[in-house]
Every structure is written in C-alpha cells, then in structure tokens.
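Asker: The following comprises the amino acid sequence and a computationally predicted model.
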Amino acid sequence: MTETAIRTPPVELVSSSTGGTRRMSAMVAGGALVATLAAVSLFVGVADITVGDVLTGRADYEIIALSRLPRTLALILAGAALSVAGLIMQLLTRNVFVEPSTAGILDFAALGLLVTALLWPGAPIMAKMVLGTAFALLGTALFLRILAVVPLRDVLVVPLVGLMLGGVVGSFSTFVAYRTDLLQSLNAWTTGDFSAVIAGRFELLWIAGVLVVVAALVADRFTVAGLGEAFTTNLGLDYRRTMALGMTVVAVVSATAVLTVGALPFLGLVVPNVVRAVVGDHARRAVPWVALTGAALVLACDLVARTVIAPYEMPIATVLGVVGAVTFLILLARGRRRG
C-alpha cells in the first residue's frame, strides 16, 4: 500500500499537469496557425512571388522587404493590440458588448486627427498620435460618464449608447471634413485599409505591441478591477489608478491603429467573446489567446480582402465589418434570450 501510494501521483497533480500540457499544445498550435497565415500573406499580391522564387534566390526581395513584410507585421500588431484593448474595456466596464468601436473611441481618435490636420497641418507623426490619444481618452471618459449618470437597466443598451455617441461624433467629423476639404483624409482614418502600409509607415504600431505585453503583465489587476470598486478597494488595489491605466492603454492603441491603418470595427468585440467562451474571464489566461486570435482573424480577413476581387483589393474594414456585425447580432440575441 505504501509503495503504491508513493509511486502514484495525486489525482489533482495529474489533472493539473494534463491541463497545462493541453494548454501549451493549444498555444503552440495557435502560434503555428498565425505563422502559417503570415507566411501566406507574404506571397499574396499583385506581384507574383512564389516559395520557389525565394528558395532559388529569384524573388524580388525589395518588394518583400518594403511592402509584404511590413504589411504582415502591421496586420499582426494591429489585430493583437485592438483585440486586447477590447478585452480590457469589457473587463473594466463589466460589459461583454463594449469595445473601442462600439464605445465611440475610434471616432474620437479620428476627430483628434482631424483637428490636428486643421490646426497643425505639418505636425510630426508623434504629435498626431499624442493628440489622437488625448481625444480618445476624452471619448472614453465621456462614455464612462454617461454610463455612470444614465440609469441603464439593460446591459444590451450600453453598446447601443456607445454606437450612438460614435455616430454623433462621426457625423460632426464628416461635416467639418466636408467643409474643409479633408474628406479623403478622414476616410483614410475611419476605414481600415492595409494597402498603403510600407516600410517606414507602420512602425508606430510597435507601441501598440508593447502595450499588449504591458496588458499581459498587469492582467490580474484588470481582472480584480472588473469585480467592482468596493471589492477592488477591499483587496488593497487602487481602483481609479487601475481604471486609468486600462483606459490609457485602450486610448493609445486606438489612436495608433487609426493613425496607421484606420479603424477596424468590431475586432475587439468578436475576439474576446470567442476566447472567453473557451478559457473563461481570467485576463492573465485570456490575453495571450486574445492576441493570437486577433492576429489570426485580421490576417485571414486581409487575405479575403486581397483575393476576392483580385487583382483589386477591398478595404479590410469591409470584411471585418461583415464578420463583426453578424457576430454582434448573434451575441445580442443570445444575451436577450438569457435575460
């Protein structure tokens, strides 16, 4: 009996070890999927570049270095960052239907860039990002203030309020852009499109990538803050500081994405909800999965946008909008039935 007990590990340890192995295997598989989609992205485009050309040294490496590789990196960084930003917003607002596009934050960021173009036409790229972030923070604060003041009994009304707020801001931006002959610039900021991404025009997205790492490191704080101010304070965590950190991350990521590749709608809504259904609400466990899934979804939608009407290309925001809108309606219907 004693020998058997020594040789047989506890059931809990076996279960934990097996679960950890499965999660690691699934993470490796997810990374392999993203790597595969990224590799395919390098060989899709108007210029015909094949794997054989690369292996034999006949490929046009200038196109790969200046266009294909920067575009692929931008897709990965934007997809991962905006998806994680959506997860942070959902945790801090305790609403699974909230993300930068449904809260109007992307519209505020675009308004900030429009104001910058009007008042400081020759502003450097970092100044544009700072002003876009400031307007995104303003939009976030206004959205949270509306939620605090207006008694919303139905959780499904919250994203609708954000969509209406974004619609008002977007309409105002369109009017100002029309009167000042800046409609083309505004369309570039409000429509996600990676066709103009080349070397030297996407590096700002590395800031968003760094913020994804920051979000992973402080994910436990966001999980606790999502339980409410009273519970967070009782655990000795500064609720307001955590909220400020989370919303700053969301604002910077939103402004960076809008400035670099334009708005990508519903990305922060679809990905966190899909991941949550599999791994649960714990942010530390969910952040890596959200980043991988967001990158994979953006890569896949970009491949569709580049091939469905080849050799022409449609904006990736069109494909994401269809996928995100259908998913949003499904989530709303499920939430209504549960209610």
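Answerer: That came through fine.
Asker: In what element of secondary structure is A38 found?
Answerer: helix 11-42 (DSSP states H and E).
Asker: Output the lowest mean pLDDT helix or strand found in this protein.
Answerer: Here the helix or strand of the chain ranked lowest by mean pLDDT, DSSP states H and E is helix 2-7, holding a mean of 44.
Asker: give me the number of residues near the closest residue to G294 other than its chain neighbours?
Answerer: Residue nearest to G294 in three dimensions, not counting chain neighbours: S83, with 2.7 Å by C-beta to C-beta, 6 or more residues apart in numbering. Yep, even glycine has a C-beta here, placed from its N, CA and C like the rest. Residues near S83, counting by other C-beta atoms under 10 Å, number 32.
Asker: One more: the one 10 residues further on?
Answerer: T93: 24 surrounding residues under other C-beta under 10 Å.
Asker: Contact partners for it?
Answerer: L144, L147, V158 (C-beta atoms under 8 Å, 6 or more residues apart in numbering).
Asker: ok, the last one - contacts?
Answerer: Going back to what we said before, that points to V158. By C-beta under 8 Å, 6+ apart, the contact list for V158 reads T93, N95, F97, V98, L147, L152.
Asker: and what of T318?
Answerer: A305.
Asker: can you give me the helices in the stretch 1-150 of the chain?
Answerer: For the stretch 1-150 of the chain, the helices defined by DSSP state H, counting those that start in this stretch occupy 2-7, 11-42, 51-56, 61-63, 69-93, 105-119, 125-149.
Asker: now the contacts of V158 as CSV including distance to V298?
Answerer: Output for the contacts of V158, formatted as CSV (distance: C-beta to C-beta, whole Å):
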residue, distance to V298
T93, 23
N95, 23
F97, 20
V98, 20
L147, 28
L152, 31
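Asker: Who wins on neighbours among the residues you listed?
Answerer: Highest neighbour count within those, by other C-beta under 10 Å: V98, with 26 neighbours.
Asker: Tell me the buried residues in stretch 222-229?
Answerer: Neighbour-count burial for stretch 222-229 flags F222, T223, V224, A225, G226, L227 (criterion: 16 or more other C-beta atoms under 10 Å).
Asker: And stretch 101-115, by the same measure?
Answerer: Buried residues in stretch 101-115 (16+ other C-beta under 10 Å): 101-115.
Asker: between those, which is nearest A65?
Answerer: Taking C-beta to C-beta as the measure, A65 lies nearest L113 of those, at 28.4 Å.
Asker: quick one: contacts for that closest one?
Answerer: Contacts of L113 by C-beta under 8 Å, 6+ apart are K128, L131, G132, S185, W189, A255, V258, L259.
Asker: ok, V258 touching G132?
Answerer: Yes - applying C-beta atoms under 8 Å as the test, V258 and G132 come out as touching, 6.4 Å apart.
Asker: where does this structure have low pLDDT?
Answerer: Filtered on pLDDT under 70, the chain yields the residue ranges 1-20, 53, 55, 151-154, 335-339.
Asker: what residues are up against the spatially most central residue of it?
Answerer: For the chain, the residue nearest the mean C-alpha position is L82 (1.3 Å; C-alpha atoms, centre = their mean). Contact analysis of L82 by C-beta under 8 Å, 6+ apart lists P100, A208, V253, S254, A257, L264, L267, G268, G294.
Asker: Of all pairs in those, which one is the farthest apart?
Answerer: Going by C-beta to C-beta, the pair spanning those furthest: S254 and G294, at 13.9 Å.
Asker: of these two, who's got more company?
Answerer: Remark: of S254 and G294, S254 carries more neighbours, 35 against 32, as counted by other C-beta under 10 Å.
Asker: Spit out the contact partners of that one.
Answerer: Applying C-beta under 8 Å, 6+ apart, the residues near S254 are L82, A85, P100, I105, L106, A109, T133, A136.
Asker: Just flag the most distant two among those.
Answerer: L82 and T133 (14.5 Å).
Asker: okay, now L183: neighbour count?
Answerer: L183 has 14 nearby residues by other C-beta under 10 Å.
Asker: what's the answer for the one 5 residues further on, then?
Answerer: By the criterion of other C-beta under 10 Å, A188 has 17 neighbours.
Asker: Quick check: phi and psi on the nearest residue in space to it that is not next to it in sequence?
Answerer: In space, and not counting its chain neighbours, A188 is closest to G262: 6.1 Å by C-beta to C-beta, 6+ apart. Main-chain dihedrals, G262, degrees, to the nearest 10: phi 90, psi 180.
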